[in-house]
Structures are given as C-alpha cells and as structure tokens.
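Engineer: Below are the sequence and a predicted model; questions follow.
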Amino acid sequence: MNDPYKVLGVSSNATDEEIKKAYRDLARKYHPDKYRDSDLADLASEKMKEINAAYEEIQKMRAAGASSSGASGGYARNESSTGNPKYSQIRRMINSGHYAEADRILNEVPQENRDAEWNFLRGYICVRRGHYVDAQRYFDIACSMDPYNQEYYAAQQELAKRANGYGRGYNTSAGGCSGCDVCSGLLCADCCCECCGGDLISCC
Amino acid sequence: MFGYVKTYTPELKVADYEYYRGAYCGLCRAMGKCTGQCSRMTLSYDFAFLALLRLSLSGEDVSFSRRRCIAHPLRKRKMMERNRELDYCAYAAALLTYHKLNDDISDERGAKRAAAIFARPAVKRMRRKALKKGDKAELDALIAEKLTRLAEFESSQEASVDIPADIFGELLAGIVEFGFEGSERRIAHNIGYHVGRWIYVTDALDDLAQDIEKKRYNPFALMYGSELDERERTLIADALKNELCDAEAAFDLIDFGDNKNLESIVYNVFYLGMPRAVDAVLAGEADREKKDKKDKNCRRKDNLNTDE
C-alpha cells in the first residue's frame, strides 16, 4: 500500500487535528453524493476507499505508538457512554482503528438490546467505511431514540454537511472573508440545500 | 479560439504564473516547430490550458529552458521544452483552425469570408503537417464530423442551446481524451464534454447582440428574442454553474501527484478564471441593454490590461 500520509497529503509528523482535517477535506472531495449523477462514481469510490484505508492505517499506527496517551480523532472521542462497559470497549476499539472487530461485537448484541448508542456506534463504523447512506440511517435512529444527546446530534449533522457544493475550500487571497466569499458560500449552501431537496435562495 | 478558459492571474502564485507563462511560450514554440510559423498566430489561452490539463492527466515530466523568440527577441524567456502534449496541442489547434475556417468560408459573408479565403492556403499547410507528421487522421475526421453536424444544426434554425452545446461538448471531449486509456480517458472525456458545453453556451451568450445584428444563428435569440431579461439571464448563469459543478466531479479525480504548480493553475482556471469569464460576458450583456457602449469598451480595455 502507498504511504498513508501521502494519500492524505500530510506530513508524517502532522498533528491528529491536521490529519483529521485533511481526511475530512478529501472525504468531501470524493463524497458519493457529489458523484451521484456522474458516470465517474466508481473512480471516486475507489479514491474514497483509498482515503479511508489510509486514515484507518494512520489511526492504527498512532494508537499503537502512543496507546497510553490516548491519541485519537473522530466522533467517538468523548466517552459519554451510558455506563455499558461493552460500549466503552467498542469505543476504544473504534478509536484504535479496529472496526471489523468492533462491528463483530456490535452484531452480537441481540435485537431487543440495540439502543441509541448501539445505532450511533454502528453509524460511526459505517462512516469510516464510506457507507454513508447506512451511516445516516443509523445516526437518524440514534437521534430519534435519544433526541437530547449532543454527541449523536453532532454526528448526524456533520455527516449531512459533508455533501458540499462547487468551490469547496478553494483558497483565494488570505484576506479573510470577502464579499465574493460570502456570495460563493451562500451559493454553495444553496447548492447543498437543493441537493437535499430544499432551497436557500429561492431565485437560484 | 474563444479565450474564455484562462487563468485569473491576480490569484496565481508567482511560481505558478511563471509555469503557466512557460507553458504558453512552450506551446507557441511547439506550434512553430510542428505546424509551421504561421500557426503561431492561432496561439490561444484555451489551448495552453488544454496542454496543461493533458499534462496533469498523463503525469509526464516536463522541463523548462530559457530562450529567445520572435515575439520577444530582447530578453530570454523561460519556456517549457517540447513534449508530447505540447506537440499534440499544436496539431489539434491546426486541425481545428482548418475546419473552423472552412465553416467560416461557407457561413460568413463580407470581410470575414474574404479573410478566411485569404488565410486558407496557410492553414491548409498547417493541417497537412498535422496529418503527415502528427499522424492525426482520426482526430481530423472527428473534428470534421462534429463541426459539420454543428453547422447543419445551426442552419436548421432550431431554438435549442442544449443540442448544439452537446455536439460541441462531444467535440472537445474527443480532443481532450485523444490518446488516453482507461480511467484517464474517462476523466478526460468528462472534463472535455462539460467544459465544451460550457464554452458553447458562454460563447452563444457573448455573441448574442452581434449575431442578431448580423442575422447569424444564435440559440438564445431564437429562444428568448433579442434582449434577455433578468430571469433569463439568471437561468443561463445557473445552467453554466451547473455545467461547472458537473465538470468539478471530473476535475477532482485528476491525480496531480507532486505537481503542485499544475494543480493550482488548473484549479485557478476552473474555480476563478472560468466563472469570471461568465461574469464578464453577463456584465457586457447588461451594458448592452443600457446601450452604454462607451462604458463597456473602457471596461474591456481594463480587462485586457489586467490580463496582461
């Protein structure tokens, strides 16, 4: 496999935050929603897999290198679990990049015991694998089961925001937010809304 | 050929700007070597971008050197050494110029037709070189076929912009993808197709007033009449934005590797240069509505100055 840091376009001594940001930017770039109507969708999903694998690899390497310091990124960092020891174990697995293992344990939970947190964790694993439709579904269930949980809500919103329109993050001058930026931001937001069936700016 | 696909220079880094200039000069030189000195007159930003786009897709290594040229005899300039993509663009430009000229001879009247007839022998020579040295018979046939279909459609006076834009998109797709294989070919096809459609629509919008004056075919004149209102302008602007949105999906799949110069030039053209070209065309259109021609000419001159 290629150097995972190179795949994400970061240096090997980048901070966890930088890596997370690079990963998110790339995930947005190759997001399946953007390629829904494109006949290049298969190429984009290959890229997506590559990025996911690289991110997982880095997480794994860092977890192994600094297991005591608890270096981690991602949604499941704050352990707001309901006290179920099984879930804290799964969160630890996810944080260290062992998704398959975590998924296996989740699957063993009997149907009647699958609560909000179960759905949230399942959704989180789906995100890592690039299965965004499933992820959204699990997050939605988690939110409807436990509507006041900030963590689930944040994950749900974050995933929904990923589909971004034309012009994402392309840097122009460093001079802050110009009038042009505001307009293009609004247009992007409008594009996003329209993708989801809504509309922000009614005239376009 | 059209000049809509170019960089927005103020936002370009100096290193990227030099790279771009080098490629532009390199293309000019390649044209002189491949298809004769006369063909250098047809040098355009669009073909410079085509060369850079194909270089991004092929990942070919490039080198630069400092040379003098006819246009700038006093100071040596940094220019890209000849490579496969620059040569390809020179040949493609020659073929396109030839077939476009043939169209002009059959469609145009007056001075423009006379100029086309006058230029014909030189352009014919360019094409002969492209066919002989460049081995581009297949590309020649493709360009001829698409331009004939476009001319046929335009003479039918049908009120649609999507059908001719489609033909033009296919033409450009053919030019961009030529010689590539596999996923590169698919990405190239997609970019060429959407950018081609975008160019056609932008050009039709830009030429609207002139076409009406000279009674030439223009899809928008047939669809909306001689003057566009606010709603129609928004409609067209949105269609153009959508075209860029579609192209973005393909642009994002280009693997630039370590070539940051190419990456930032391509995205500068795509995210800044092309939308600005539409803005300029729409602004020109708005001015015409107000019959404020003087102001428009001033602005054009300003645009030219900032571009230099």
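Structural biologist: Looks like it arrived, so ask away.
Engineer: Any residues of the stretch 1-150 of chain B in contact with chain A? List them.
Structural biologist: residue B:11 (C-beta under 8 Å from any C-beta of the partner chain). Every C-beta, even on glycine, is put in place using the N, C-alpha and C of the backbone.
Engineer: And the residue of the stretch 1-150 of chain B that's closest to chain A?
Structural biologist: Sorted by distance to chain A under C-beta to the nearest C-beta, the residues of the stretch 1-150 of chain B start with residue B:11, at 5.4 Å.
Engineer: isn't that residue right up against residue B:268?
Structural biologist: Yes. Residue B:11 is within contact range of residue B:268, at 6.1 Å (criterion: C-beta atoms under 8 Å).
Engineer: Those two - which one has more neighbours?
Structural biologist: residue B:268 (24 against 18; other C-beta atoms under 10 Å in any protein chain shown).
Engineer: show me what contacts that one?
Structural biologist: B:7, B:8, B:11, B:12, B:16 (C-beta atoms under 8 Å, 6 or more residues apart in numbering or on different chains).
Engineer: which parts of the longest helix belonging to chain A are buried?
Structural biologist: Determined from DSSP state H, the single longest helix within chain A is helix A:41-65. Across helix A:41-65, burial judged by 16 or more other C-beta atoms under 10 Å in any protein chain shown covers A:43-44, A:47-48, A:50-59, A:62-63.
Engineer: any idea of the angle the helix or strand following that helix forms with helix A:41-65?
Structural biologist: Counting by DSSP states H and E, the element after helix A:41-65 in chain order, helix or strand, is helix A:85-95. Here helix A:85-95 points in a direction 110 degrees away from that of helix A:41-65 (axes from the mean of the first three to the mean of the last three C-alpha atoms, to 10 degrees).
Engineer: Skipping adjacent residues, who's closest to residue 120 in space?
Structural biologist: As the question left the chain open, I've gone with chain A. With sequence-adjacent residues excluded and distances taken as C-beta to C-beta, 6 or more residues apart in numbering or on different chains, residue A:120 is closest to residue A:142, at 4.0 Å.
Engineer: meant chain B actually
Structural biologist: residue B:101 (6.2 Å).
Engineer: and that neighbour, helix, strand or coil?
Structural biologist: State at residue B:101, reduced to three classes by DSSP: H, G, I helix; E, B strand; the rest coil: helix.
Engineer: again, but for residue B:79
Structural biologist: Under three-state DSSP, residue B:79 comes out as strand.
Engineer: ditto for residue A:159
Structural biologist: With three-state DSSP as the basis, residue A:159 sits in helix.
Engineer: any idea how far it lies from chain B?
Structural biologist: Separation of residue A:159 from chain B (C-beta to the nearest C-beta, to the nearest Å) stands at 20 Å.
Engineer: Can you give me the neighbour number for that residue?
Structural biologist: Counted by other C-beta under 10 Å, the residues lying close to residue A:159 total 20.
Engineer: That one contacts residue A:136, correct?
Structural biologist: Yes. Assessed by C-beta under 8 Å, residue A:159 is found in contact with residue A:136 at 5.7 Å.
Engineer: so what sits against both of those two?
Structural biologist: With contacts taken as C-beta under 8 Å, 6+ apart, the residues that reach both residue A:159 and residue A:136 are residue A:123.
Engineer: that older thread, list buried members of the contacts of residue B:268 by neighbour count.
Structural biologist: Here, 16+ other C-beta under 10 Å leaves B:7, B:8, B:11, B:12, B:16 buried among these.
Engineer: Helices - which of these land there?
Structural biologist: residue B:16.
Engineer: What is the most widely separated pair among the buried ones among the contacts of residue B:268?
Structural biologist: B:8 and B:16 (11.4 Å; C-beta to C-beta).
Engineer: In the chain, what helix or strand scores lowest on average pLDDT?
Structural biologist: All of this is about chain A. helix A:179-195 (a mean of 53; mean pLDDT, DSSP states H and E).
Engineer: Not quite, go with chain B.
Structural biologist: helix B:293-307 (a mean of 50).
Engineer: was I right about residue B:69 contacting residue B:27?
Structural biologist: No. Residue B:69 lies out of contact with residue B:27 (C-beta under 8 Å); the separation is 11.8 Å.
Engineer: Tell me the helices and strands packed up against the lengthiest helix in chain B.
Structural biologist: In chain B, assigned by DSSP H, the helix with the most residues is helix B:182-213. Helix B:182-213 sits against helix A:41-65, helix B:45-58, helix B:162-177, helix B:219-224, helix B:230-251, helix B:274-289, with contacts defined as 3 or more C-beta pairs under 8 Å, 6 or more residues apart in numbering or on different chains; DSSP states H and E.
Engineer: Can you convert the ones you listed into TSV and add a column each for mean pLDDT?
Structural biologist: Formatted as TSV, those follow (pLDDT from 0 to 100):
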stretch	mean pLDDT
helix A:41-65	90
helix B:45-58	95
helix B:162-177	95
helix B:219-224	90
helix B:230-251	91
helix B:274-289	82
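Engineer: Can you give the domain ranges for chain A?
Structural biologist: Here the domain assignment for chain A is A:4-65, A:80-161, A:165-204, based on automatic domain parsing.
Engineer: Looks like residue B:90 contacts residue B:28 (just checking).
Structural biologist: No. Applying C-beta under 8 Å as the test, residue B:90 and residue B:28 come out as separate, 9.1 Å apart.
Engineer: Looking at those two, which one has more neighbours?
Structural biologist: residue B:90 (31 against 23).
Engineer: give me the number of residues near residue B:260?
Structural biologist: Residues near residue B:260, counting by other C-beta under 10 Å: 13.
Engineer: right, I mislabeled it, should have said residue A:38
Structural biologist: 17.
Engineer: helices or strands up against the helix or strand containing residue B:142?
Structural biologist: Per DSSP H and E: residue B:142 is located in helix B:137-155. Counting contacts by 3+ C-beta pairs under 8 Å, 6+ apart, helix B:137-155 is packed against helix B:84-107, helix B:110-132, helix B:162-177.
Engineer: Out of those, which gets the lowest mean score?
Structural biologist: Comparing mean pLDDT across the helices and strands packed on helix B:137-155, the weakest is helix B:110-132, with a mean of 88.
Engineer: Pull the distance from that one to the chain's centre.
Structural biologist: 19 Å (C-alpha atoms, centre = their mean, to the nearest Å).
Engineer: So what touches it?
Structural biologist: Contacts of helix B:110-132 (C-beta under 8 Å, 6+ apart): B:34-36, B:38-39, B:90-92, B:94-95, B:97-98, B:101, B:104-105, B:108, B:136-137, B:140.
Engineer: Please indicate which of these are buried?
Structural biologist: B:34-36, B:38-39, B:90-92, B:94-95, B:97-98, B:101, B:104-105, B:108, B:136, B:140.
Engineer: just the angle between the helix holding residue B:142 and helix B:162-177, please?
Structural biologist: Going by the same axes, to 10 degrees, helix B:137-155 makes 170 degrees with helix B:162-177.
Engineer: Any chance you could list what contacts helix B:137-155?
Structural biologist: B:91-92, B:95-96, B:99-100, B:102-103, B:106-107, B:127, B:130-131, B:163-164, B:167-168, B:170-171, B:174-175, B:178, B:217.
Engineer: In PyMOL, select just the buried ones from the residues you listed.
Structural biologist: Buried members of the contacts of helix B:137-155, defined by 16+ other C-beta under 10 Å, are picked up in PyMOL with:
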select buried, chain B and resi 91+92+95+96+99+100+102+103+127+130+131+164+167+168+170+171+174+175+178+217
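Engineer: Contacts for stretch B:76-90 next, please.
Structural biologist: With C-beta under 8 Å, 6+ apart, stretch B:76-90 has contacts from B:18, B:21-23, B:25-31, B:33-35, B:39, B:47-48, B:50-51, B:54-55, B:58, B:60, B:62-69, B:130, B:134, B:178-179.
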